[in-house]
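S.K.: Sequence plus predicted model, see below.
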Amino acid sequence: MGHADLSRSETRQLAVASATLGPWRTAAAVGVVVGGAALGVDAVTGHWSMDILAGPVGLALFFFFLVGAVGGKLRRDTADRRLARWADEHPWRSALPAAGALLVLNTLTLALLGGWGLFGALFSSLLPAGILLVVAGVVGSVKRARRGA
């Protein structure tokens, strides 16, 4: 079955499955370090408020998904070579699950921890999710172009 024979549902499933290729333990460690550092800076500078956790948690989520998504694109030692080949051939589609997850989780973080309204949190979460999508898509596209050359 070629890639042209895949339905939208199968393409979505492949995109979500390709997101599992990333180095998620390393990504979690980076997210914890970045979030902890941001929380420390907020605590030291005296930015005390009810939403002191929203910013650091948002940064931790961004760097978690950034390291996981980009690391998955750059990783060479993968167990499922067919899945990695599909992700290499479709760099933008394979970046969508991480960007979507960041959008949802960051929106919930801002709404629940930051005291934002749901629509304000959603619109504020569009920028980091878009940046993640662009960075992961460009990295995958450059990898595909370099591999083809």
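M.R.: Good, I have the coordinates.
S.K.: Got the phi and psi for residue 22?
M.R.: phi -70, psi 160 (degrees, to the nearest 10).
S.K.: Not counting sequence-adjacent ones, nearest residue to it?
M.R.: By the measure of C-beta to C-beta, 6 or more residues apart in numbering, the closest residue to residue 22 outside its immediate chain neighbours is residue 72, 3.2 Å from it. Quick note: C-beta positions are derived from backbone N, CA and C, even for glycine.
S.K.: so the one you found sits right up against residue 23, yeah?
M.R.: Yes - Residue 72 lies in contact with residue 23 (C-beta atoms under 8 Å); the separation is 7.2 Å.
S.K.: Which one of those two is surrounded by more residues?
M.R.: residue 72 (25 against 16; other C-beta atoms under 10 Å).
S.K.: So for the helix or strand where that one lies, mean pLDDT?
M.R.: Assessed by DSSP states H and E, residue 72 sits inside helix 54-74. Mean per-residue pLDDT for helix 54-74: 92.
S.K.: Name the residues of whichever helix or strand comes after it that come out as buried.
M.R.: Downstream of helix 54-74, the next assigned helix or strand under DSSP H and E is helix 81-89. By 16 or more other C-beta atoms under 10 Å, the buried positions in helix 81-89 come out as 83-84, 86-88.
S.K.: just to revisit the earlier point, then the helix holding residue 72 to CSV, C-alphas only?
M.R.: Extracted in CSV, the C-alpha atoms of helix 54-74 (Å, rounded to 0.1, in the frame of the first residue of the first chain):
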residue,chain,number,x,y,z
ALA,A,54,1.3,29.5,34.5
GLY,A,55,4.4,31.0,32.8
PRO,A,56,6.9,28.4,34.0
VAL,A,57,4.6,25.5,33.2
GLY,A,58,3.9,27.0,29.8
LEU,A,59,7.7,27.3,29.1
ALA,A,60,8.2,23.8,30.4
LEU,A,61,5.6,22.4,28.0
PHE,A,62,7.0,24.3,25.1
PHE,A,63,10.5,23.0,25.6
PHE,A,64,9.2,19.5,26.3
PHE,A,65,7.4,19.4,23.0
LEU,A,66,10.2,21.2,21.1
VAL,A,67,12.9,18.8,22.2
GLY,A,68,10.6,15.8,21.7
ALA,A,69,9.4,16.8,18.2
VAL,A,70,12.8,18.0,16.9
GLY,A,71,14.7,15.2,18.5
GLY,A,72,12.3,12.7,16.8
LYS,A,73,13.1,14.2,13.5
LEU,A,74,16.9,14.1,14.0
